[in-house]
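In: One predicted model, sequence on top.
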Amino acid sequence: DSDHLIILNQRIDDLVLQRNVNSLDSMCTDDFVFTHGNGRIENKANWLKSVGESNYSVRKHDSVFVQQHDDIALVKGKLYIDRHDKTKPAKYSYYVRVFAFRNNRWQLVSHSAVRETNIGE
């Protein structure tokens with residue numbers, strides 16, 4: 001399952017790049033929470049709305065580690081983020097994600113950015 005979760009983890013961000021909120025909706029639990037690096041917290045509906053309005057050019061994972069506990073998995077890593085519009089500098093976001101095995105599949109329960117670093121700092 002670790003390899004599958006690493007692939008799923010990147011797939012989620014590939015769908016963010018595509019603004020594919022319909023697919024993301026089914027990949028996240030109903031109680032999904034996204035905590036941004038600036039401390040802003042969004043529920044599933046608000047996060048999907050943000051994704052639909054986003055303008056990312058890159059969301060690529062690095063240094064990903066999976067810690068699995070039966071039907072719960074923590075996925076930790078570093079996410080390189082850049083935007084098409086360059087309104088914000090490119091950055092690395094260090095994160096922890098929680099996945100749960102529900103309805104016979106892995107779904108994302110939570111994303112928490114634990115530190116962000118602008119490229120060049």
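Out: Perfect, I can see it now.
In: element containing the nearest residue to residue 92 once chain neighbours are set aside?
Out: Distance criterion CB to CB, 6 or more residues apart in numbering; nearest residue to residue 92, sequence neighbours excluded, is residue 117 at 4.9 Å. Every residue, glycine included, has its C-beta placed from N, CA and C. Per DSSP states H and E: residue 117 is located in strand 105-118.
In: tilt between the helix or strand hosting residue 7 and strand 105-118?
Out: Applying DSSP H and E as the criterion places residue 7 in helix 2-18. Using axes from the mean of the first three to the mean of the last three CA atoms, to 10 degrees, the inter-axis angle of helix 2-18 relative to strand 105-118 is 60 degrees.
In: Next secondary structure after helix 2-18?
Out: helix 21-27.
In: what comes into contact with that next one?
Out: Helix 21-27 is touched from outside by 8, 11-12, 15-16, 44, 48-49, 51-52, 107-108, with contacts defined as CB atoms under 8 Å, 6 or more residues apart in numbering.
In: Can you pull out the low-pLDDT segments for this protein?
Out: 120-121 (pLDDT under 70).
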